[in-house]
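Enquirer: For reference, the sequence and a predicted model appear below.
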Amino acid sequence: MTVRVRFRGPELDRVVEVEVPVGPRKLTDLLPVTRALSDELTAAAIASEEAAGRKISCRAGCGACCRQLVVISVVEAQGLAELVAKLPAERQATIRARFAAAVRRLEEAGLLDRAAPPGQRNLVARNVGSVEASVQDLARRYFAQRVACPFLENESCTIYAERPSVCREYHVTSPAERCSSLFDESVDREPRTLRQACRSAKFHSRWLWNGPR
Ligand code: SF4
């Protein structure tokens, strides 16, 4: 069915129509819906930034953000697992080998708990005073390892159409070269309107997955 969703905020008032599958579905079947919402709102937010004279500096061939700690939802992780399982055997082996290499690097750096069973390993954060500071410290230590996302090739995303929402939402207006020294240089991350919009998109994602409360 077609669902009309209205997003309203201080700088946003937009109606988006999305096609939602009906009947019993897996949660991952709804990922195209959240991607469509995210794309619509991201485009609106970018247009608004550009109208205000701020240009998005992200460009093809710049994959600095793909070496950050990219936090995705469990459903998105499941969607990526399904996507990998459908790849031809050779390609699947390449991607799986990259994941295994990334896990090894993170274990060696003390960022993943080796003692936990595979598939249940948590990132290891240090307590540096507050939750926010500890998360920031974890993100900095992760980025210092420069572990590329297994889907990154030639500094471009090989699953662009199916990339997680955080990847779709991440944009900067500062010079792109600063992103490779994130934490040392200031980076103007996604515009405020974009963040607001995507919060709304996440809210609606939850609504679509869980139903109204
Ligand atoms: S999924 Fe694509 S955009 Fe997201 S981190 Fe990986 S390579 Fe980058």
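Expert: Nice, I can see it.
Enquirer: Any figure for the gap between the residue most central in space within the chain and residue 189?
Expert: The centre of the chain sits closest to residue 166, judged by C-alpha atoms, centre = their mean, with a distance of 2.4 Å. Relative to residue 189, residue 166 is positioned 11 Å away (C-beta to C-beta, to the nearest Å). Heads up, the C-betas are built off the backbone N, CA and C, glycines and all.
Enquirer: Kindly report the same for residue 115.
Expert: Residue 115 is 34 Å from residue 189, by C-beta to C-beta.
Enquirer: more crowded one of the two?
Expert: Neighbour count, other C-beta atoms under 10 Å: between residue 115 and residue 189, residue 189 has more, with 17 against 6.
Enquirer: SS state for the nearest residue to residue 183 once chain neighbours are set aside?
Expert: Of all residues not flanking residue 183 in the chain, residue 140 sits nearest, at 4.9 Å (C-beta to C-beta, 6 or more residues apart in numbering). When classified by DSSP: H, G, I helix; E, B strand; the rest coil, residue 140 comes out as helix.
Enquirer: re the thing from before, helix or strand for the residue nearest to the centre of the chain, which one?
Expert: helix 165-169 (DSSP states H and E).
Enquirer: next one: residue 5
Expert: Using DSSP H and E, residue 5 falls in strand 2-9.
Enquirer: quick revisit: how many other residues sit next to the residue nearest to residue 183?
Expert: Counted with other C-beta under 10 Å, residue 140 comes out at 14.
Enquirer: give me the low-pLDDT residue ranges for the protein?
Expert: Applying pLDDT under 70 to the chain picks out residues 190-213.
Enquirer: The ligand contacts on that one?
Expert: Taking C-beta under 6 Å from any ligand atom as the contact definition, the chain meets the ligand at 66, 70, 149, 151, 152, 157, 159, 163, 164, 167.
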